[in-house]
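Enquirer: sequence first, then the predicted structure, then my questions.
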Amino acid sequence: MASFWHDYPTAPRTGWVLDSTGDLGRDPKNHILCEACGEQRVRYHHRVHHPAIGAHLEVGCECADLMCAVPRAAAAAAQMRNRASRLNNFPHLAGWVEARSGTGTRLTRGGVFFLENTAATGSFYYSLKRDGGDWERVSGFYRDRDAGRRAAFTHVYPAEIRHSKRLILR
Ligand SMILES: [Zn+2]
């Protein structure tokens with residue numbers, strides 16, 4: 001079978017949008033040929049479309065990654081927006097629970113155990129454990145509880161872009 005690019009050589013190679021993915025099962029008889037490259041046998045098929053040309057294709061994951069790749073700058077911007085909204089939501093998560101024994105308010109989130117304590121002055125201060133590691137102290141005392149919780153979030157998830165490569169691939 002010829003590839004899509006063979007039949008439509010001027011069609012865009014990037015800017016495709018992933019609509020859905022599916023599993024055709026273990027039996028190779030049910031697997032399809034990737035409609036983009038015409039070479040890969042596909043068990044996990046990705047339905048993609050291109051908004052500019054209105055084409056729909058069923059492709060394999062390698063082709064889908066290339067066709068739907070987000071440009072680096074756009075991915076970084078999306079990641080920053082995502083972090084900003086997580087940061088704003090963090091102080092208000094329903095998971096913050098006051099311990100009955102009066103030993104502080106705690107939250108477990110993303111493998112991190114956050115502990116909020118109140119100093120004698122009435123300010124809040126924070127400690128945390130990541131994946132069962134040692135206690136880490138978040139620097140500072142906070143009159144404003146929301147500001148303190150945001151500082152604890154920033155301690156674990158600093159503002160600089162990390163893992164951006166993984167983000168770009170999906
Ligand atoms: Zn392919």
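Expert: Arrived safely, thanks for sending.

Enquirer: show me the helices in the chain, by range?
Expert: Counting by DSSP state H, the chain has helices at residues 4-7, 61-67, 72-89, 145-156, 164-169.

Enquirer: JSON lines for these, including mean neighbour count?
Expert: Quick note: C-beta positions are derived from backbone N, CA and C, even for glycine. Formatted as JSON lines, the helices of the chain follow (neighbours: other Cβ atoms under 10 Å):
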{"stretch": "helix 4-7", "mean neighbour count": "13"}
{"stretch": "helix 61-67", "mean neighbour count": "19"}
{"stretch": "helix 72-89", "mean neighbour count": "13"}
{"stretch": "helix 145-156", "mean neighbour count": "18"}
{"stretch": "helix 164-169", "mean neighbour count": "12"}
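
Enquirer: minimum distance to residue 103: which of those helices has it?
Expert: Among the helices of the chain, helix 145-156 comes nearest to residue 103, with 16.7 Å by Cβ to Cβ.

Enquirer: returning to what we had before: quick one: which of the helices of the chain is nearest the ion?
Expert: Nearest to the ion, of all these, is helix 61-67, at 3.3 Å by Cβ to the ion.

Enquirer: does the ion sit close to the closest one?
Expert: Yes - on the criterion Cβ under 5 Å from the ion, helix 61-67 is in touch with the ion at residue 63.

Enquirer: over to stretch 36-53?
Expert: Yes - counting by Cβ under 5 Å from the ion, the ion has neighbours in stretch 36-53: 36-37, 40.

Enquirer: this completes my enquiry, with thanks.
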